[in-house]
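K.L.:
Sequence and predicted structure, then a few things I'm wondering about:
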Amino acid sequence: MRYLPLSDADRSQMLAAVGVKSMDDIYCDVPARALLSETIDLPPHQGELEVDRAISTMAAKNLNAAEAPSFLGGGAYRHHVPATVDAMIQRGEFLTAYTPYQPEVSQGTLQYLFEFQTQVAMITGMEVANASMYDGATSCAEAVSMAGRATRRKKAILSGGLHPHYRDATYTISGLHNMDMSIAAPNFSGDEDLISLIDDETACVVVQNPDFFGHVRDLTPLAEACHEAKALMIVVVTEIVSLGAITSPGEMGADIVAAEGQSIGNALNYGGPTVGLFAVHNKHLRQMPGRVCGQTTDTQGKRGFVLTLSTREQHIRREKATSNICTNSGLCALAFTVHMTLLGEEGFTRLAALNHARAVTLADRLSGIDGVEVINHTFFNEFTVRLSKPAAGVVETMVENGILGGIPVSRLYPGVADLENLLLVAVTETNTEDDMDALVTALTEAL
Amino acid sequence: MADELETITGNRGLRIEEPLIFEQNTPGRLGVDLPEPPKVKSRLGGLERKGPVGLPNLSEPQTVRHYTRISQKNYGIDSGFYPLGSCTMKHNPRLNEKMARLPGFASLHPLQPVSTTQGALELIDTCATWLKTICGMPAVAMSPAAGAHGEFCGMMAIRAALEDRGDARKRVLVPESAHGTNPATAAACGYAVDTIPANERGRVDLDAFLAKLDDDVAGIMLTNPNTCGLFENDIIKIADAIHDAGGFFYCDGANLNAIMGRVRPGDLGIDCMHINLHKTFSTPHGGGGPGAGPVVLSEALADYAPLPFVTHGENGFDLVEHKNGEGAKAFGRIKGFHGQMGMFIRALSYMMSHGGDGIRQASADAVLNANYLLVQLKDTLSPSFDGPCMHEALFDDSFLKGTDVSTLDFAKAMIDEGFHPMTMYFPLVVHGALLMEPTESESKETLDQYIDALKGLTARARDGHAAYFHDAPRLTPRRRLDETSAARNPVLRWTPPVDEAEAAE
C-alpha cells in the first residue's frame, strides 16, 4: 500500500519491541464482541490509475458550468480564478499545515491570515475581520447569535430578501433555542419595510445586499432606525465582487457583515468548501466568534503574528465560549487572499464594473423577449425575471439544449404561487457574447 | 569577527524577510489583465462606491514570490514529522487534490438541475456508503463543514428525537477529558453541561457516570478512543446505561483513525458520531480548514438528519432539500448548499485507494507507531497511564520535575530539532500533558530519530541546561512571540502609516 511506510519486517520488529505477539494484544481494551477479526466488506486497495478512472467517470456524468453557457448565481458564482491561485494554495507548506498553534513555525499561515483580515475589513468597510467561517450561511447564523450576546436581547428580524439557505441555517443554528426569529415573507420586489418591525426588544435586523433577488438598496435609513433602537444591523453579502462597485456595508452603517467569499479565488465545487467572511467594528471585537490573527513582536523585537483573543474560544472557555467553531476555512481564505492580491484596487474595481456591465447588457436583451419581464430596477450582476410560464420547466427545457439558464426561484421557495414563474439570472466576466446569444435563443424557444 | 556581523538586508540565505502585501503597493501595477468594461447605463441605483477600497497593487511575479516566501516559514506534513496529538496529521495524497479539481466537480454549480449533477450525487452517495460501512451505522448526515459543526448536527438530531417523543431534557454529560468543542456544542444546543470525572486509569469513572444518570439527561458526549489515547473499555456498559435512562450516546469521532476497519462504532451502541474527514480520511488541514464533519446516525436518529440529503429516486439520484416528504422530520439546515463536496471527493479517493484491507492496515500501523513511541520513551518521559495505548501516546511533565523546564519549553526545543511539537497541555486531566500522535504515515526511521531527539533533550534538561530550553526555538524565522501584548492591545489588520494616510486626504 503506497501510503504506508512500515514494512512487514518493521511491524514484526516493533511488535517485539512493544512486547506483544499481534495487534489484537494491543486492542485488548476493546470488548471482545466488538473487535473485528476480518477485513470489513469493502473493495480492496487500488492504484492511482484505477481510482482516477473511477472518480473521473463520476465527474464525467455531470454537465459542468465550464462546458455550457451558465447563468447560475443564487449565492455561488463562477468567476475566473488566475492560475497563480491554485499553484500557491497547493504548496505543501500551506496545504499540509495545521491551525497555527505554534507561531514560530507558522508565520506563513499567520501572515496570510493577517492580510486576509485586512482585505476583508477594507472591502466591507469595517474595522476588523476574523480569520474566516465555514461559509456565508453559518457566518450569518453566528452574526445573529453574536448580536444576541452584544445587545442582551432575543429578537432577530430576517429580511425577505435574505438567501433562503442563510435564513434556514440561521433559524436552525441560532433560532431554535437561543433567539426569537421574525422572518419576513419572500420579497421579490425589493420594497419591503423592515423599519416598522423594529422595537426595543430587537437585537438585530438581517438584510442582504444585493439581496437574493438581486436588488441593490441604500441601507442607511435602516441602519439609522436600528441604531435609534439600539439594535444592530447585520448585512449579508453573497456576491463579494459587488463590493468593488457598490458602497460598502460599513459605509451604510452595518454593525456586522456576514458574507460569502467564494467568488474570489474559489471554484464552485458544487457549493463547498467555500469561505465565510465576518467583519465588525472594534467595539464588538470581543464578542466576535472564530479565530483571529494579531500582530506582535518576538523576543528579538521583530514583527510577527499569532492567533490571539483565544479567551473567547472553545478550547479555553469550553461551554462559555462565543461559538463552538474550531476548524474554519483556512485554505479557501488563502485562495481569496492570493486572488485579491492579484486583483488589487485596479483589478477588483474593474472586475466589478465588468460584471455589472455584462449584467446590464443581458437584462436589456432579455427584456426584449416576449414573455420575459425584468423585475429589478437595480441590480449588480444578478437579477430576477418573470416568465410567462413556470421557471422550473423552462430551465429543464434549456438544459436539453445544453444551457444552464438560471435558477428557478421555486427550487428554493417551493409551492409559492407568486414565485413560480420567477427565474434568477446571474452574469459574470466568464460569460461571453456567444453565451448571451445562446441564452436569448434558448429562452425564446422555451417560452 | 565574521560570525558577529549581520547580513546587510536582514535576510539569512533561504530565510528571507517578507513585508506585507500592503507595504508593496505601487499604483499602476496589475496582477490581472481584464478588458475595459463596456460603457452602460448603471443600474446600481446611485449606490456606486464613492472612495477607493485601499487594496494594494502588485504584479503577478511579486505575488508569486510573496506567497512562496511566506510559505517557507511554515511547517507542514510535507516538511516533516507532525505528531500533533488529536489532530491526525497524516499524509495528504496529491491524487485526492487532482480528483477534487476535475472540472466535472470543481465547475459544478450547487443549484443546477439534479439531472445535470448525477455524477456528483453518485459520489456523495458512494462516499456515504463507505463511511456507513466503516462505522457500521445505517445513516449519515453529510452536510456538516467541520468536527464542531458535526457535533452540533449530532446533538441537534438528539434534541429533535427527544422533543419528537415529548421528552425534552436539559443536561448533557461530558467527561472532563473532552475536547473543548464538546461542552461548547452542548451549550450551543441549549443544554447544561454536567462534567464527569476520569478514573485513575484515564477512562470515564463508571460509578460517577451512573450516579449522574436520570430522566433529565439528553445524552453523553464521549470521545472514543478518548483524548488520553485510551479505548474506553466500559463503552458498551455506558451505551446500555444511557439508553436505559432514555438518553442518547454521542461519540466524538476525532480518534476514529485508531479503530477504522477494526472496530465499528455501531457495534458499540453509539447513536451518532462525527467523522473528521480532515483527520481520518486525509483531506488537508490547510492551515485550519476547510474540513468536513459528516455524522453517522443510528436508526433512532436517522429521520432527524438535517437538509439536504441524497436519495435514490425514480430517475436516478435525487436531493431532498425541503422539510416535507422524506425530509419532514429533518431538524433543519446547518449550512448553505449541500456540504463540503470537495472534501467528499478527497475522502473517497483516500478510501478507495486504501480499500477495506488498507484501512484496516492503516489503523493498525497508526496504533503500532504510537505504542512503539510509548515503549521506547517510557523510561525517559513519564507515561500518564499503564497499558497499551491506541493511536496516541500521552505523557505528563513529571519527568521534567526539578529541571526548571516546562512542557512548553520542551516542545519549543523540539522545533529546533526539526520536528513539529506534540500537543501540549491537553487533555486537561494530565499535568503538563504531552500528547503524541504519530499516524500510520511515519516510517520506523523517523520514529527512531524522534525518540533519540526526545531522549537527548531530556538528558540536557536534567543536566541543568534550562536556559537552552527557555531560549528555544532559536533556529526559526521568528523566536518566541509576545502573545500577552497581542491580546492586550489587539492589532488585527494593517493600517496605513500616518503620513501616508494624511497624504491620501
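P.N.:
Received the coordinates, thanks. Numbers count the residues shown, from 1 in each chain, chains lettered A, B, ... in the order given.
K.L.:
For the rest of this, base every contact and every neighbour count on C-alpha atoms.
P.N.:
Will do.
K.L.:
can you give me the strands for the stretch 151-300 of chain B?
P.N.:
B:171-175, B:192-196, B:217-223, B:248-252, B:272-274, B:295-297 (DSSP state E, counting those that start in this stretch).
K.L.:
what packs against the third one?
P.N.:
Meaning strand B:217-223. Here strand B:217-223 touches helix B:147-164, strand B:171-175, strand B:248-252, going by 3 or more C-alpha pairs under 8 Å, 6 or more residues apart in numbering or on different chains; DSSP states H and E.
K.L.:
averaged over its residues, what pLDDT does the longest one have?
P.N.:
This predicted structure assigns helix B:147-164 an average pLDDT of 95.
K.L.:
So which bits of it are buried?
P.N.:
B:147-162 (16 or more other C-alpha atoms under 10 Å in any protein chain shown).
K.L.:
got any ranges where the stretch 151-300 of chain B has weak pLDDT?
P.N.:
For the stretch 151-300 of chain B, applying pLDDT under 70 flags no range at all.
K.L.:
Can you pull the residues of it lying near chain A?
P.N.:
Contact residues, the stretch 151-300 of chain B versus chain A (C-alpha under 8 Å from any C-alpha of the partner chain): B:179-190, B:193, B:231-233, B:236, B:261-264, B:267-268, B:284-291.
K.L.:
Return the members of the residues you listed classed as buried.
P.N.:
Using 16+ other C-alpha under 10 Å, the buried ones in those are B:179-190, B:193, B:231-233, B:236, B:261-264, B:267-268, B:284-291.
K.L.:
Just to be sure, which of those are found in helices?
P.N.:
Among those, the members falling in helices (DSSP state H) are B:181-188, B:236.
K.L.:
Quick check: the two most widely separated of those?
P.N.:
Spatially, the most separated pair among those is B:Ala188 and B:Ile236, at 27.4 Å (C-alpha to C-alpha).
K.L.:
helices or strands up against the helix or strand bottoming out on mean pLDDT in chain A?
P.N.:
Sorted by mean pLDDT, DSSP states H and E, the helices and strands of chain A end with helix A:314-317, the least confident at a mean of 73. Applying 3+ C-alpha pairs under 8 Å, 6+ apart, we find helix A:314-317 packed against helix B:181-188.
K.L.:
quick one: stretch B:171-180 to chain centroid distance?
P.N.:
Relative to its chain's centre, stretch B:171-180 lies at 18 Å (C-alpha atoms, centre = their mean, to the nearest Å).
K.L.:
what about it, start to end distance?
P.N.:
17 Å (C-alpha to C-alpha, to the nearest Å).
K.L.:
Domain-wise, how is the chain divided?
P.N.:
Looking at chain A here, since you left the chain open. A:83-339, A:344-446 (automatic domain parsing).
K.L.:
that's the wrong chain, I meant chain B
P.N.:
B:95-351, B:360-476.
K.L.:
which residues of the stretch 301-447 of chain A fall in helices?
P.N.:
Here the stretch 301-447 of chain A has its helices, by DSSP state H, counting those that start in this stretch, at A:314-317, A:330-366, A:391-400, A:433-446.
K.L.:
Mind telling me what element A:Val235 is part of?
P.N.:
strand A:232-237 (DSSP states H and E).
K.L.:
hang on, the earlier thing: and the strands of the stretch 151-300 of chain B, which is most packed in?
P.N.:
Highest mean neighbour count among those (mean count of other C-alpha atoms under 10 Å in any protein chain shown): strand B:272-274, with a mean of 33.
K.L.:
Name every strand pairing with it and say which way it goes.
P.N.:
strand B:248-252 (parallel), strand B:295-297 (antiparallel) (DSSP bridges).
K.L.:
Any idea which of those gets closest to A:Ile123?
P.N.:
strand B:295-297 (35.7 Å).
K.L.:
And the closest one, how far out from the chain middle?
P.N.:
With C-alpha atoms, centre = their mean, you get 18 Å for strand B:295-297.
K.L.:
So the closest residue to B:Lys41 other than its chain neighbours versus B:Thr129, what's the distance?
P.N.:
Of all residues not flanking B:Lys41 in the chain, A:Val360 sits nearest, at 7.6 Å (C-alpha to C-alpha, 6 or more residues apart in numbering or on different chains). Relative to B:Thr129, A:Val360 is positioned 46 Å away (C-alpha to C-alpha).
K.L.:
more crowded one of these two?
P.N.:
More neighbours surround A:Val360 than the other of A:Val360 and B:Thr129, with 24 against 18 (other C-alpha atoms under 10 Å in any protein chain shown).
K.L.:
pretty sure the more buried one is touching B:Arg43, no?
P.N.:
Yes - the criterion here is C-alpha atoms under 8 Å, and A:Val360 meets it with B:Arg43 at 7.1 Å.
K.L.:
Distance check, A:Asp364 against A:Ile407.
P.N.:
19 Å.
K.L.:
Who has more neighbours out of the two?
P.N.:
Legend: neighbour count by other C-alpha under 10 Å for A:Asp364 and A:Ile407, higher for A:Ile407 (24 against 11).
K.L.:
immediately after the strand holding A:Val235, which helix or strand?
P.N.:
With secondary structure assigned by DSSP H and E, strand A:232-237 is succeeded by strand A:256-260.
K.L.:
Alpha carbons only: can I get that following strand in CSV?
P.N.:
Output of strand A:256-260 as CSV, limited to C-alpha atoms (Å, rounded to 0.1, in the frame of the first residue of the first chain):
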residue,chain,number,x,y,z
ILE,A,256,-21.7,43.2,11.5
VAL,A,257,-21.0,42.0,7.9
ALA,A,258,-21.5,38.3,7.3
ALA,A,259,-20.5,37.4,3.8
GLU,A,260,-19.6,34.6,1.4
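K.L.:
relative to strand A:232-237, how tilted is it?
P.N.:
Going by axes from the mean of the first three to the mean of the last three C-alpha atoms, to 10 degrees, strand A:256-260 is angled at 20 degrees with respect to strand A:232-237.
K.L.:
and strand A:256-260 with chain B, contact?
P.N.:
No - using C-alpha under 8 Å from any C-alpha, strand A:256-260 stays clear of chain B, coming no nearer than 9.9 Å.
K.L.:
I'd like to know which elements that strand is packed against.
P.N.:
Looks like strand A:256-260 contacts helix A:136-151, strand A:232-237, strand A:276-280 (3+ C-alpha pairs under 8 Å, 6+ apart).
K.L.:
Just want the angle from it to strand A:276-280.
P.N.:
Using the same axes, to 10 degrees: strand A:256-260 against strand A:276-280 is 170 degrees.
K.L.:
re the thing from before, show me how far the strand holding A:Val235 is from its chain's centre.
P.N.:
15 Å.
K.L.:
packing partners for it?
P.N.:
So strand A:232-237, by 3+ C-alpha pairs under 8 Å, 6+ apart, packs with helix A:136-151, strand A:202-208, helix A:220-228, strand A:256-260.
K.L.:
so what does the helix or strand following the first one touch, helix or strand wise?
P.N.:
Sequence-wise, the next helix or strand downstream of helix A:136-151 (DSSP H and E) is strand A:155-158. Strand A:155-158 is packed against strand A:180-183, strand A:202-208, with contacts defined by 3+ C-alpha pairs under 8 Å, 6+ apart.
K.L.:
Give the other helices and strands that the helix or strand that strand A:155-158 is followed by contacts.
P.N.:
Where DSSP H and E defines the elements, the next helix or strand beyond strand A:155-158 is helix A:164-170. Judged by 3+ C-alpha pairs under 8 Å, 6+ apart, helix A:164-170 is in contact with helix A:136-151.
K.L.:
Show the contacting residues for the nearest residue to B:Ile236 once chain neighbours are set aside.
P.N.:
Nearest non-adjacent residue to B:Ile236, counting by C-alpha to C-alpha, 6+ apart: B:Leu268, 5.4 Å away. Contacts for B:Leu268 (C-alpha atoms under 8 Å, 6 or more residues apart in numbering or on different chains) come out as A:34, B:235-236, B:239.
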